[in-house]
Every structure is written in structure tokens, then in C-alpha cells.
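>>> only geometry, no sequence info:
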């Protein structure tokens, strides 16, 4: 071992000890509130997308394996094995690109972590309190590792939700299983050999597979560790371990500093728009101008955007061919938000992307990079055919930590996603169930409510 390796903290062991030994509800009310909000948002996204073609395809493939009926597929009558339930629910939670976002790293933590934890907790009969604890601690592991390697890791092309999400999923599942520190460290080590996802897949169904596969890998890692399967004790931090292999940045302080007193779920945000979060400031500005001036598409000569460089890099598709591609087109998102006054999942359907009025306005949207802008800022100008020039500067997008989604806004979003699948009455009951989840002796009521035949 070199001197530099000796100076590297034992991250795998430290995180394993933290996950295994941190007290139940060992955090303040703000963290507990965000855990409930994260769970509610995740559940709504997963149920809302439960009929998405990507979910149908994943289930069709899983049925060929003849899985046992261990765990619930949210929003459907199907029951499959634990690992497959984690996979399917992870895919559905991310399919609409409407899930939670840890804004510092652009990780969508709940899709892999909550999907894994619920599948295992349902099968083992775990109480609601244990599910909440597992969610908080799993998010902590994934996002702290993400903090340590972002942005270099992301810039290399990794989809960070999948490439660190399996660590959070493994941590959450280890907590559900009650593994001791040594076995929890092994679970993290096993998961460290299962990162998944590259950004080239954005705009395709495989993007949501990254979240689902990370959830499945986390379940598998924890189960393997419980039965004595081993991994390197330095799987995360070693010179040829996970973190130094996929990033030139390994800021160990991001993992160690305030561990157990600062919780990353406190910095989770919830999307008001069903697309890449970097587009949200531009959408926000377009809707503000549309509503303030009662604009119609035929009144608009052109729309000019000034945006952060990442917007063009991630969402620069000028002529998307499908709804999934539309989620990565700032041009489509802005045109649709002006036409419809919102950017929910309905504005990113294949039909809307191909509509002539949407295409016509989309072709009048231009975007230029302004490196001085923050990632959650945008400058939006709409030039009207009558000569008016309307402008708004969005310093922080709706849904950011500075302008967070309210509880009422989160409930409206939940209803918009869940009502078409399960009905308004059941959606109301699910919201109430999430609010009281920490006091539930088991999760049967939640999973029963989350499927049509419940």
C-alpha cells in the first residue's frame, strides 16, 4: 500500500458502520419531512408511469423468467420477485423524468433507493419506520458519493443516478435486513462492482432502466452480503476501486464531513415539469410571460433563451422525434409550455411532439449559452409580431431549493399522476398513508392501495 493509499480514509467501512448503526430517526424534523415528501413524490411518479411502454416491455421480459409473486408492481395488479419489483418500479419512477432531484449532483435518488427498499421491506414484513430510515440512509450514501465525484464523473458521460444509485439501494436494503456493519460494508462493496448507465442513452427507454437496474443491483448486493458473499473492504476508495476508477475527483471530505448530522435528503427537490431539470428555468420563464401577457402562439415572432452551457449539452435536440426525446429538447419544452401553460407528462407525448403548431413554434425558439448563468437560471425574451419585446429573468427555477414545491403543489402533482391510474379517492388515501408511514406496523396497506385491485 502506497503512502497516498494509507492517507485515503476507509470510506467503505465508514459508510457501512454509519448505515448499520445510526439511530432510527436520528435526524431533525426537516429531514423527516423531506423523507415523507420524497416517498410521496416517488410513489406518484411510479404509479403515474405504470402503463408506460417501457414498463410494459420490462414486465414482458420479466414474465419470461417466471418470477415468484413476492412484491408489488406499483400501479398494476402484477406481483413479481423482489429484485424484479425493484427493477420495474425503478423504471416506472424514472420513466416520466418527473422524479426527485438532488440538485447538487443531478442524482434522482428515490427511483433506485425507494424502489429497492420497498420491494425488500414488503417481502420481509418490515414496519414503515424502517422503510423511512432506509430511505434516508440510502439517499445519504448515494448522494455523498455523488458529491465526492461530481461533476467530473458526470462530465465523463456516466448517468449518475444509476452509477451511484446502486450504492444507495444496497445501503437501504442492508438497513431493511438489519445487517451488521461488516455485512453492510460487504453489501456496498458488492454494489460497487455494479454501476450502470451512460448519458448517451438519454432520450430512450434505457435511461429509466438505469434507475431500475440500480435498484435491482442494490437488492441483490444486500442479499448476497447477508449470505456471506464477500467483496473488497476498500471497494469504494482504493486506487482501482469504484470512485477513483470512474472519476479523477475523489473529494473524501464530501463523504466524511458532518456524516450523521447533515443529511443530503434535506437538499432534495421535486420537479414541477416532467423533463430534464436543466430546462426548468426556461420553462418557468416562458410560462410566466405567457400568463402575464395572455400570449398565444400566433402572436409570437420568436423566443430567445439565454441558458447555462449544460442546457445545450443535455437538451439541445432541435427536432425531437418522440416524447422521450422531447424531454431533452429545450426548444420543444418551451414551445409546449407556451402553448399549453404547463409542462406535465402530457406535453411530452409522441403526439404533442409531432403536432404542427408545436413544431411551428419550436422552430421559432433559439437558445444561446451564457456561462455567467447558474444551472437553475435563465433569461427569456419573447418578441411579439406587434413589436413588443417581453423579458423575464429567472434567477432560480420553480422547484429549486430557493423556490421549493409546497406540500399543496406536491399533492396536486401526485393527483395529476395517480388519479388517472387509481382514482382520486385512492390517491387521497395514499397521500395520507405516506404522511403516517413511520407509524405503520407493516406496509401491506400502502402496497394494497398502490395497485388497482387493492
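That came through, no problem. Predicted model only: the values in this text are computed from it and were never measured.
>>> Show me what the helix or strand hosting residue 331 is packed up against.
Assigned by DSSP states H and E, residue 331 belongs to helix 330-340. Applying 3 or more C-beta pairs under 8 Å, 6 or more residues apart in numbering; DSSP states H and E, we find helix 330-340 packed against helix 280-293, strand 300-307, helix 309-315, helix 323-326, helix 356-362, strand 365-369. For the C-beta atoms, the positions are set from N, CA and C on the backbone; glycine is no exception.
>>> now with 6 Å?
helix 280-293, helix 356-362, strand 365-369 (3 or more C-beta pairs under 6 Å, 6 or more residues apart in numbering; DSSP states H and E).
>>> in the last one, what's buried?
It refers to strand 365-369. Across strand 365-369, burial judged by 16 or more other C-beta atoms under 10 Å covers 365, 367.
>>> partners of that strand in the sheet?
Its sheet considered, strand 365-369 pairs with strand 300-307 (parallel) by DSSP bridges.
>>> Identify all contacting residues around the strand it pairs with.
With C-beta atoms under 6 Å, 6 or more residues apart in numbering as the test, strand 300-307 has contacts from 282, 334, 364-368, 370, 378-383, 385.
>>> Same question for stretch 207-214.
For stretch 207-214, contacts defined as C-beta under 6 Å, 6+ apart pick out 54, 87, 90-91, 94-95, 111-112, 159, 161-162, 165-166, 169, 196-197, 201.
>>> ok, and for stretch 149-157, which residues are buried?
Buried residues in stretch 149-157, defined by neighbour count with 16+ other C-beta under 10 Å: 149, 150, 153, 154.
>>> Next, the distance between the ends of that stretch.
The first and final residues of stretch 149-157 sit 13 Å from each other (C-alpha to C-alpha, to the nearest Å).
>>> distance between it and the chain's centre?
17 Å (C-alpha atoms, centre = their mean, to the nearest Å).
>>> Read off the pLDDT value for the residue minimising distance to the centre of the chain.
Residue closest to the average C-alpha location in the chain (C-alpha atoms, centre = their mean): residue 108, at 2.3 Å. pLDDT recorded at residue 108 is 98.
>>> same thing with residue 375?
So residue 375 comes in at 89 (pLDDT).
>>> That one is in contact with residue 308, isn't it?
Yes: taking C-beta atoms under 6 Å as the definition, residue 375 is a contact partner of residue 308 at 4.8 Å.
>>> Compare these two (neighbour count), which wins?
residue 308 (21 against 18; other C-beta atoms under 10 Å).
>>> I'd assumed residue 376 was in contact with that one.
No: shown here, residue 308 and residue 376 do not form a contact pair, counting by C-beta under 6 Å, at 8.2 Å.
>>> Tell me the buried residues within the contacts of stretch 207-214.
Among the contacts of stretch 207-214, those buried by neighbour count (16+ other C-beta under 10 Å) are 54, 87, 90-91, 94-95, 111-112, 159, 161-162, 165-166, 169, 196-197.
>>> Go through these and name the one nearest residue 299.
Residue 299 lies nearest to residue 95 out of these, by C-beta to C-beta, at 34.6 Å.
>>> helices or strands next to the strand or helix carrying residue 87 in the packing?
In this assignment (DSSP H and E), residue 87 forms part of helix 82-95. For helix 82-95, the elements it packs on are helix 29-48, helix 53-63, helix 110-124, helix 206-226, judged by 3+ C-beta pairs under 6 Å, 6+ apart.
>>> out of those helices, nearest to residue 314?
With C-beta to C-beta, the closest approach to residue 314 among these belongs to helix 206-226: 11.5 Å.
>>> Quick check: what element follows the closest one along the chain?
Helix 206-226 is succeeded, C-terminally, by helix 242-245 (DSSP H and E).
>>> Name the next helix or strand following that next one along the chain.
Counting by DSSP H and E, what follows helix 242-245 is helix 253-256.
>>> returning to what we had before: just the closest of the buried residues of stretch 149-157 to residue 432, please.
Of all the buried residues of stretch 149-157, residue 432 sits closest to residue 150, with 36.0 Å by C-beta to C-beta.
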